[in-house]
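Chemist: coords below, sequence missing:
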């Protein structure tokens with residue numbers, strides 16, 4: 001098995017990289033059968049973004065703090081763990097953001113696409129699903145669309161639902177909503193197209209963020225799942241990502 005090890009810049013990750021390379025060898029990503037990522041969730045997301053257009057599966061080993069997307073670190077039996085690992089298929093979200101100046105920016109998100117007010121003024125956002133207006137004016141700090149993999153991140157902090165992997169649904173979650181008072185979000189099919197139209201965007205500016213890519217002063221944002229992009233993440237069968245997402249709902 002040809003492994004390409006990638007490590008974050010922390011000393012902990014770099015020390016583990018040295019040990020793993022000596023033990024299992026090192027190959028270029030283009031030649032590897034599997035990519036092994038040493039670090040935390042942030043570095044894992046960075047690597048998934050970088051190599052999402054390749055078919056090479058990714059196996060993460062926790063060398064960071066939280067590491068929700070990572071497997072437990074162990075120097076022993078790495079090859080056997082990878083061979084026995086369960087494959088989790090992830091599809092990113094495509095964000096198409098149109099700015100007030102008419103410029104269009106397209107970006108991908110593995111966790112979520114979020115819209116946030118830029119000033120002290122609350123945001124006023126119309127929400128459309130497949131072209132049909134569902135909320136004419138959401139008043140609050142913003143709104144987000146989260147994938148199952150990202151449902152335990154920002155979405156959970158905003159009191160959104162935790163979504164099991166493989167359910168083919170997305171979370172549509174308001175951020176500190178003021179109006180409508182009783183709306184706390186929705187669960188929508190993953191094939192649905194979500195359109196956000198910023199009402200009074202000059203007075204009430206809004207930014208849109210796809211994971212780490214931010215576009216400021218947007219007037220319209222379209223979000224849809226990129227079914228043509230498939231990310232294969234590997235997890236230990238006894239401690240896989242799907243189980244973690246289920247367990248998160250009882251913690």
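Modeler: Structure's in. What do you need? The structure presented is a predicted model; accordingly, all values stated were derived computationally and were not measured.

Chemist: what are the boundaries of the helices in this protein?
Modeler: 11-24, 41-51, 78-84, 154-157, 241-248 (DSSP state H).

Chemist: buried set for the shortest one?
Modeler: Looking back up the chat, that one is helix 154-157. Burial within helix 154-157, assessed by neighbour count using 16 or more other Cβ atoms under 10 Å, is assigned to 154-156. Heads up, the C-betas are built off the backbone N, CA and C, glycines and all.

Chemist: pLDDT (mean, whole number) over it?
Modeler: Helix 154-157 shows an average pLDDT of 93 in the prediction.

Chemist: can you name every helix or strand that that helix contacts?
Modeler: Judged by 3 or more Cβ pairs under 8 Å, 6 or more residues apart in numbering; DSSP states H and E, the packing partners of helix 154-157 are strand 112-117, strand 132-146.

Chemist: quick one, the longest one and strand 112-117 angle?
Modeler: Strand 132-146 runs at 110 degrees relative to strand 112-117, counting by axes from the mean of the first three to the mean of the last three Cα atoms, to 10 degrees.

Chemist: direction included, what does strand 132-146 pair up with?
Modeler: strand 112-117 (antiparallel), strand 123-129 (antiparallel), strand 169-179 (antiparallel) (DSSP bridges).

Chemist: export these to TSV and tack on distance to residue 228?
Modeler: Converted to TSV, the strands paired with strand 132-146 look like this (distance: least, Cβ to Cβ, whole Å):
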stretch	distance to residue 228
strand 112-117	17
strand 123-129	21
strand 169-179	17
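
Chemist: so which of those strands is the most packed in?
Modeler: strand 112-117 (a mean of 25; mean count of other Cβ atoms under 10 Å).

Chemist: quick one: distance of it to the chain centre.
Modeler: How far strand 112-117 lies from its chain's middle: 12 Å, per Cα atoms, centre = their mean, to the nearest Å.

Chemist: give me the contact list for that strand.
Modeler: With contacts defined as Cβ atoms under 8 Å, 6 or more residues apart in numbering, strand 112-117 is touched by 93, 95, 123, 125, 141-147, 150, 153-155, 175, 196, 198, 204-211, 218, 221, 223.

Chemist: what's the closest non-adjacent residue to the residue nearest to the spatial centre of the chain?
Modeler: Central residue of the chain (Cα atoms, centre = their mean): residue 111, 1.4 Å from the mean position. Leaving aside its chain neighbours, residue 111 sits nearest to residue 150 (3.0 Å; criterion: Cβ to Cβ, 6 or more residues apart in numbering).

Chemist: residues touching that neighbour, list them.
Modeler: Each residue near residue 150 by Cβ under 8 Å, 6+ apart is listed here: 109-112.

Chemist: quick check: of those residues, which lies closest to residue 54?
Modeler: residue 110 (14.5 Å; Cβ to Cβ).

Chemist: do you know how far the nearest residue to that closest one once chain neighbours are set aside is from residue 244?
Modeler: Among residues not flanking residue 110 along the chain, residue 92 sits closest, at 5.0 Å (Cβ to Cβ, 6+ apart). Distance, residue 92 to residue 244, using Cβ to Cβ, to the nearest Å: 19 Å.
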